[in-house]
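A.B. asks: Fold the following and give me the result.
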Amino acid sequence: MMTLEEYKKHRIQRAMAENKLDVLVATLPENIYYMTEYESIGHKILHSTQIFAVYKLQGDSVSLIIPKAEIPTAIERFPNLNKTAFGNFFFSYTEGVSSYEKVRTMTEKSEVSAEQALVKALKASGITKGRMGIDESRISIQLWQHLESEFPHIEFIPAMNLLGKVRMVKHQSEIKLLEKSAEIAEESMLNTLLNLRLGMSEYEIGRRYITEVTQRGADPFFNVVTVDDRTPLCDTINTGNKIVNGSIIRVDFGCIFHGYRSDLARTAVVGKSYSKLEEYYNAILSGEERAIAQIKPGVVAEDIFDIAVNETRKAGIPHYERHHCGHGIGLEVYDPPTIAPGAKAILEPGMVLCVETPYYELGWAGIQVEDTVAVTEDGYRYLSKSSRKLIKVGA
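C.D. replies: I've put the predicted structure just below:
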């Protein structure tokens, strides 16, 4: 079996060969990480920061274009990786200490801007004609046009979707990390919900969830905690709205474990439930479980969507409508494929999917269930393990 590094390289090389690309440039933090395993705090928190990873198919070479400030870290972690520095950051050096001479040499050769450094690195690749894929996620139209003028005999191809497809089918090591991420998120939210107190607010529940996540060794990612008349508000913020006896609570949540994300959802009721909640929740659960049961290699993504919607309608919500019923997940929370109308992606072993059938009725409530499954050679396997039934808590 290929190692994770070999597997990722194989998928990149195959995609480049299929698209007749000589060079592939990554700009999105997740794509750079996939290509090189390099992580930049500045790139993650500042959208103005530009970092590039350049993969040259011939010769199997990779290089990083990074700010001067990150050169010591890059040398420490990846001493053999080609690097081009840029920017005006300044280091001082202790006299008589020679261990940072490589840093000094590299920073002294730095370019003024990221744009100049990228051009320098591309010229160093020796490619003067052919096709170059550029991940357009984090590149300006001005830089794209500048590259076209600097390399008039190279055809530049948008490559954001190409890299998404490269990451779409996971190595077993990635699936284990996704499974652990889901496990931590589930344990953290369930422990939070089962220890609720009347009068706790959405905000307080969310903060407790974050504490639970960090205690289990993962990084907080997102949590949407909604109570009662706010439960139909999709992807909203947490507020001071408090739970009371009889409250409906909808939670949509995830975390990050070693770069890999989770995205799950559950619905809870405080105290006694009632018929509409039970009936509607059972309907969306039936839709989700029926859709998951049909997952296997060779199935088209939009067919899973149709099954989820039709089953939810038959099971008790005849007017049910959705724009999607799930998505892939990995280094990004929304990896391809999307489980939606018109999604022609064919499921393959190694894909990891979040399947969901939320229902949002303004004026009543929002209810949701979402789980994570891996596509296997002969079907599927749940990566999320907790009960999918309506959670009943006696706060």
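
A.B. asks: Now do the same contact list for residue 193.
C.D. replies: 205, 249, 251, 266, 268, 391, 393 (CB atoms under 8 Å, 6 or more residues apart in numbering). In this view, the C-beta of every residue, glycine as well, is placed from N, C-alpha and C.

A.B. asks: how long is stretch 355-363 from one end to the other?
C.D. replies: End-to-end distance of stretch 355-363 (CA to CA, to the nearest Å): 26 Å.

A.B. asks: Could you do stretch 330-343 as well?
C.D. replies: 19 Å.

A.B. asks: contacting residues around that stretch?
C.D. replies: With CB under 8 Å, 6+ apart, stretch 330-343 has contacts from 30, 33-34, 161, 164-165, 167-168, 170, 174, 178, 221-222, 254, 259-261, 263, 291, 300-302, 304-305, 308, 323-329, 345, 347, 351-353, 355.

A.B. asks: cool, stretch 387-395 as well?
C.D. replies: So stretch 387-395 is contacted by 190, 193-194, 196-198, 200, 243, 245, 266-271, 273, 277-278, 281-282, 285, 288-289, 369, 371 (CB under 8 Å, 6+ apart).

A.B. asks: From the contacts of stretch 330-343, keep the buried residues only.
C.D. replies: Among the contacts of stretch 330-343, those classed as buried by 16 or more other CB atoms under 10 Å are 30, 33-34, 164, 167-168, 170, 174, 178, 221-222, 254, 259-261, 263, 291, 301-302, 304-305, 308, 324-329, 345, 347, 351-353, 355.

A.B. asks: Just the buried ones among the contacts of stretch 387-395, please.
C.D. replies: Using 16+ other CB under 10 Å, the buried ones in the contacts of stretch 387-395 are 190, 193, 196, 200, 243, 266-270, 277, 281, 285, 288-289, 369, 371.

A.B. asks: so of the contacts of stretch 387-395, which ones are in strands?
C.D. replies: When those are checked against strands (DSSP state E), the matches are 266-270, 371.

A.B. asks: So which of those is the closest to residue 317?
C.D. replies: Taking CB to CB as the measure, residue 317 sits nearest to residue 267 out of these, at 14.0 Å.

A.B. asks: Report the contact partners of the closest one.
C.D. replies: Residue 267 touches 248-251, 281, 367-369, 390-391, counting by CB under 8 Å, 6+ apart.

A.B. asks: Mind listing the residues bridging to the residue lying closest to it once chain neighbours are set aside?
C.D. replies: Nearest non-adjacent residue to residue 267, counting by CB to CB, 6 or more residues apart in numbering: residue 367, 4.6 Å away. Taking DSSP bridges as the rule, residue 367 bridges to residue 359.

A.B. asks: Let me know the pLDDT of residue 367.
C.D. replies: For residue 367, the pLDDT comes out at 98.

A.B. asks: how about it, what does it touch?
C.D. replies: 231, 248, 250, 267, 277, 280-281, 284, 358-359.

A.B. asks: What average pLDDT does stretch 54-68 get?
C.D. replies: In the prediction, stretch 54-68 has an average pLDDT of 94.

A.B. asks: Thought residue 352 was touching residue 326, still the case?
C.D. replies: No - with contact defined as CB atoms under 8 Å, residue 326 does not count as touching residue 352 (10.8 Å).

A.B. asks: Inside helices: which ones of the contacts of stretch 330-343?
C.D. replies: Among the contacts of stretch 330-343, the residues falling in helices (DSSP state H) are 30, 33-34, 161, 164-165, 167-168, 174, 178, 291, 301-302, 304-305, 308.

A.B. asks: farthest pair in the residues you listed?
C.D. replies: It's 33 and 308 that sit farthest apart of those, by CB to CB, at 31.3 Å.

A.B. asks: in what helix or strand does the spatially most central residue of the chain lie?
C.D. replies: Nearest residue to the geometric centre of the chain (CA atoms, centre = their mean): residue 332, 1.2 Å. Using DSSP states H and E, residue 332 sits within no helix or strand.

A.B. asks: quick one, what contacts residue 385?
C.D. replies: By CB under 8 Å, 6+ apart, the neighbours of residue 385 are 182-183, 186.

A.B. asks: Go through those residues and flag which are in helices.
C.D. replies: Those of these lying in helices (DSSP H): 182-183, 186.

A.B. asks: For PyMOL, what selects the buried ones among the residues you listed?
C.D. replies: A single PyMOL command selects the buried members of the ones in helices among the contacts of residue 385 (16+ other CB under 10 Å):
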select buried, resi 182+183+186
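
A.B. asks: list the buried ones in stretch 195-210?
C.D. replies: In stretch 195-210, the ones that count as buried by 16+ other CB under 10 Å are 196, 200-202, 204-210.

A.B. asks: And these, which is closest to residue 65?
C.D. replies: So of the buried residues of stretch 195-210, ranked by how close each gets to residue 65 (CB to CB), first place is residue 210, at 34.2 Å.

A.B. asks: Check the gap between that closest one and residue 238 for me.
C.D. replies: 11 Å (CB to CB, to the nearest Å).

A.B. asks: Please apply the same query to residue 277.
C.D. replies: Residue 277 is 21 Å from residue 238, by CB to CB.

A.B. asks: What separation is there between residue 125 and residue 57?
C.D. replies: From residue 125 to residue 57 the distance is 10 Å (CB to CB).
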